[in-house]
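> what follows is a protein structure lacking sequence information:
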C-alpha cells in the first residue's frame, strides 16, 4: 500500500511523487478476485482517493483475473454482469462488458471502466 502512504503522508518528497502522477492514464489491479471483504473495501477507498487527489481525467481502470467468476448458475451473461458489477464497485464506476479472446479458443470477459 505504498500509494496510500504517498497520498496520506505530508512531506515534500511524497508531494513531488504525487505531482508527477497528475496525468495518470491507467490504473491496473491484477488478481482482481483477491479484493473481497475488508481488503476489497480498503482498495476501493484507495482507488477513490487516487481519483480525487490526482484529479484524473479519462482514467482507464483495468482489472485482471484469471480465476474470477460468479457461480450464479443463471448463464454466461449473468456471470459477466456479476463480475462487471464487482469491478464497478471496486473502481467506483459503471463497467461495461465486452468480449475479448483469451488464451486458446476460450472467450473471456473483458472489463474496462472510464472515469468521466
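Sure thing, it's come through. Since we're looking at a predicted model, the values are computed, not measured.

> only C-alpha atoms for contact and neighbour calcs from this point on.
OK.

> buried ones in the strand or helix carrying residue 86?
In the assignment (DSSP states H and E), residue 86 maps to helix 76-91. For helix 76-91, a neighbour-count test (16 or more other C-alpha atoms under 10 Å) marks 79-88, 90-91 as buried.

> which two among these are spaced furthest apart?
79 and 91 (18.3 Å; C-alpha to C-alpha).

> buried stuff in the helix ranked longest in the chain?
Ranked by residue count under DSSP state H, the longest helix found in the chain is helix 37-54. Buried residues in helix 37-54, counted by 16+ other C-alpha under 10 Å: 40, 43-47, 49-51, 54.

> do the same with stretch 16-33
18, 24, 29, 32-33.

> of the residues you listed, closest to residue 2?
Taking C-alpha to C-alpha as the measure, residue 2 sits nearest to residue 18 out of the buried residues of stretch 16-33, at 11.6 Å.

> quick one, the strand or helix carrying the closest one and helix 37-54 angle?
Using DSSP H and E, residue 18 sits within helix 12-19. If you take axes from the mean of the first three to the mean of the last three C-alpha atoms, to 10 degrees, helix 12-19 sits at 80 degrees to helix 37-54.

> what comes into contact with helix 12-19?
By C-alpha atoms under 8 Å, 6 or more residues apart in numbering, the surrounding residues in contact with helix 12-19 are 6-7, 54.

> alright, I will stop here.
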